[in-house]
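Colleague: my questions are about this predicted structure, shown below with the sequence.
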Amino acid sequence: MPRNLQSRTSRRAFLRSAAAAGAGAAALAALACGGGDEDDGDDPTATMAASTALPTMAGATPGAGASFTPNLLTSEYVVNENNRFAVGLLDNKGRLLKDAKVHTKFFQMAEDGVTGTLRGEGDLDYFELNVEDAHAHDHSSGEAATQEAVSFYVATTPFNAVGKWGAEITATPAGGGEPSTVQVPFEVLAQSKTPGLGTKPPASAHDTAATNPDTASLCSRDPICPLHDKVIADVLGKGRPLVVQFSTPAFCESRFCGPVLEVLLGQVPKYQDRIDFIHIEVWQDFQAQVYRPAVREWNLPSEPYTFFMGSDGTVLARLEAIFSDEELTRVLDQLATR
């Protein structure tokens with residue numbers, strides 16, 4: 001279970017690099033407490049090196065001799081919400097860093113963009129998602145993208161202020177070795193751009209297997225997945241919880257779509273008597289680069305994205321990008337009671 005401990009990130013670079021080379025329960029100390037002014041004997045102000053001088057939030061600034069590069073796997077962080085902080089780590093040869101001990105400090109950045117106040121810290125949980133034949137439907141990355149397992153680190157944390165933040169990530173390799181530290185900037189938003197926690201998402205009307213005979217346009221998985229028999233507008237807030245996943249198994253640039261759809265499909269039989277499930281293919285026309293209307297209505301910045309709505313239609317949880325079977329099961333167990 002990911003710990004309760006999240007800039008637009010280069011998830012595509014993360015997976016492409018990995019392929020070319022071969023998803024907590026304890027709260028982060030002091031985070032969201034509005035602290036930092038008390039003198040507890042430690043200086044809470046630290047220099048974030050030159051990380052905030054980067055032109056985009058996708059960058060990271062390794063410390064001297066850093067042995068890895070972090071890639072944040074979450075595109076938005078919202079103030080006073082339990083944000084999922086997920087990060088992938090690549091070593092200097094572009095390989096996924098597996099089973100490392102990862103400790104993260106979160107800093108609220110000052111106006112100078114260089115110094116920051118320590119707001120909390122804690123360990124991240126390690127997950128590895130390895131779904132057999134998860135990329136069997138993937139036409140986006142060619143033969144170079146052969147790595148099935150995806151390793152990543154997760155925590156859950158609130159942030160108590162809008163604006164620029166920085167994460168200082170220290171990773172110690174499995175089996176020992178010298179720890180290495182990298183700093184990466186990100187931004188905390190006042191409100192979510194996608195359907196946020198506690199809000200009701202658009203009641204999108206869309207085609208289904210019963211109304212669209214062109215199954216290739218309905219779902220890029222081959223064969224088509226079975227989650228195209230319901231319409232969001234017909235079931236959202238109608239008395240049963242609802243899970244909606246936006247993904248494109250064949251054309252996913254991050255290569256997360258295939259694995260997370262297969263993991264979701266594996267859980268459907270256990271919960272389908274209590275929860276409705278819908279899959280929305282991201283592309284209306286991949287060649288023409290036309291998104292499906294529901295993708296635009298839900299204002300999605302990336303794919304895949306999985307939303308969990310309660311029986312009243314409000315968003316109770318979201319899992320962006322890659323997630324583990326453990327994370328999914330935990331959310332579904334909670335959703336089944338709502």
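Modeller: Thanks, I have the structure now.
Colleague: where does this protein dip in pLDDT?
Modeller: Under the criterion pLDDT under 70, the flagged ranges of the chain are 1-65, 132-148.
Colleague: for it, which segments count as helices?
Modeller: Assigned by DSSP state H, the helices in the chain fall at 11-20, 215-218, 232-235, 257-271, 293-297, 325-335.
Colleague: can you give me the angle the longest one makes with helix 325-335?
Modeller: Relative orientation of helix 257-271 with respect to helix 325-335: 40 degrees, computed using axes from the mean of the first three to the mean of the last three Cα atoms, to 10 degrees.
Colleague: run the chain-centre distance for helix 257-271.
Modeller: Centroid displacement of helix 257-271 relative to its chain, using Cα atoms, centre = their mean, to the nearest Å, is 16 Å.
Colleague: so what touches that helix?
Modeller: Here helix 257-271 makes contact (Cβ atoms under 8 Å, 6 or more residues apart in numbering) with 129, 131, 133-138, 150, 221, 225-227, 243, 245, 247-249, 252, 277, 279, 282, 303-304, 306, 319, 321-325, 328-329, 332, 335-336. C-beta here means a position set from N, CA and C on the backbone, and glycine is covered the same way.
Colleague: would a markdown table of the helices of the chain with distance to residue 164 and mean neighbour count be doable?
Modeller: Below are the helices of the chain laid out as a markdown table (distance: least, Cβ to Cβ, whole Å; neighbours: other Cβ atoms under 10 Å):
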| stretch | distance to residue 164 | mean neighbour count |
| --- | --- | --- |
| helix 11-20 | 21 | 20 |
| helix 215-218 | 41 | 16 |
| helix 232-235 | 35 | 17 |
| helix 257-271 | 30 | 20 |
| helix 293-297 | 28 | 18 |
| helix 325-335 | 28 | 17 |
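Colleague: to residue 311, which of these lies closest?
Modeller: Nearest of the helices of the chain to residue 311, taken as Cβ to Cβ: helix 325-335 at 9.3 Å.
Colleague: CA atoms only: put the closest one into PDB for me.
Modeller: Extracted C-alpha coordinates of helix 325-335, given in PDB (Å, rounded to 0.1, in the frame of the first residue of the first chain):
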ATOM      1  CA  ASP A 325      -2.500  -4.300  -8.700                       C
ATOM      2  CA  GLU A 326      -2.300  -3.600  -5.000                       C
ATOM      3  CA  GLU A 327      -3.200   0.100  -5.500                       C
ATOM      4  CA  LEU A 328      -6.100  -0.800  -7.700                       C
ATOM      5  CA  THR A 329      -7.500  -3.500  -5.400                       C
ATOM      6  CA  ARG A 330      -7.300  -1.100  -2.400                       C
ATOM      7  CA  VAL A 331      -9.300   1.600  -4.300                       C
ATOM      8  CA  LEU A 332     -11.900  -0.900  -5.600                       C
ATOM      9  CA  ASP A 333     -12.400  -2.400  -2.100                       C
ATOM     10  CA  GLN A 334     -13.200   1.000  -0.800                       C
ATOM     11  CA  LEU A 335     -15.400   1.900  -3.800                       C
END
